[in-house]
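Peer 1: No letters, just coordinates:
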């Protein structure tokens, strides 16, 4: 069975600090997708990134970066120079390769950026 | 383009009643998925519809059902409501091909009293 673990329930940092959100996953599949979503107080989930299991290259998008390590089944997310607007709940998710839109989510990490 | 629209945004129902939630996907999207979000269980997959057919289903009792219409709009129904059904119900739409990005609506907050 697939499982995603986000061990950090809540993180609180001061603005401009760097922060890393951890994600560890379990799956028996050799091919799969990993995702990060952001959930602001308004409720909708905002897509941040999708990574397939063949591509272990790290990715950077502005202040956001992702580190995928298949050897440790981890897909960590780092925000550099955090801003108050980054405050939200962040979810890591896993899906199999089959094309069906079925996501297995972690429990989420509530990130609070204090001014 | 317009995003995913879920109606209503908030709903209060009494135990034993039934409820229908609606989701209008982004124009051109053929896949609609439903998720339940609760503080205790987190985000859990309910089911996915693609071209009016249920393509995948999560581990929820038969009280939870859904359907999709020819215009891709989807409804989910919960019968014989229980207090534990109180949750945020999120709908996601996508083109439906080999893992395309899923766009989520703002959800329907259901409270069962």
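Peer 2: Received it, and whenever you're ready, just let me know what you need. This one's a predicted model, so the numbers in the text were calculated from it and none came from an experiment.
Peer 1: Can you list the strands that the worst-scoring helix or strand of chain A on mean pLDDT pairs with?
Peer 2: Each helix and strand of chain A was given a mean pLDDT (mean pLDDT, DSSP states H and E); the minimum falls on strand A:59-61 at a mean of 88. The partner list of strand A:59-61 in its sheet, established with DSSP bridges, is strand A:64-69 (antiparallel).
Peer 1: and the residue nearest in space to the middle of chain B, what element?
Peer 2: With distances taken as C-alpha atoms, centre = their mean, the residue of chain B nearest its centroid is residue B:34 (3.3 Å). Take DSSP states H and E as the rule and residue B:34 turns out to sit in strand B:31-38.
Peer 1: Tell me the first helix or strand C-terminal of that strand.
Peer 2: strand B:42-50.
Peer 1: So which other helices or strands are in contact with that following strand?
Peer 2: Counting contacts by 3 or more C-beta pairs under 8 Å, 6 or more residues apart in numbering or on different chains; DSSP states H and E, strand B:42-50 is packed against strand A:104-105, strand B:31-38, strand B:53-57, strand B:64-68, strand B:74-78. The C-beta positions use only the backbone N, C-alpha and C, and glycine is treated the same way.
Peer 1: still on that earlier bit, mind checking pLDDT for the closest residue to the residue nearest to the centre of chain B other than its chain neighbours?
Peer 2: In space, not counting the residues next to it along the chain, residue B:34 is nearest to residue B:46; the distance is 4.1 Å by C-beta to C-beta, 6 or more residues apart in numbering or on different chains. On the pLDDT scale, residue B:46 is placed at 97.
Peer 1: Residue B:46 and residue B:76 touch, don't they?
Peer 2: Yes. Using C-beta atoms under 8 Å, residue B:46 is in contact with residue B:76, at 6.8 Å.
Peer 1: what sits in contact with each of those two?
Peer 2: The overlap between the contact sets of residue B:46 and residue B:76 (C-beta atoms under 8 Å, 6 or more residues apart in numbering or on different chains) consists of B:34, B:64, B:66, B:89.
Peer 1: what about the third one, how many neighbours?
Peer 2: This points to residue B:66. Neighbour count of residue B:66, defined by other C-beta atoms under 10 Å in any protein chain shown: 22.
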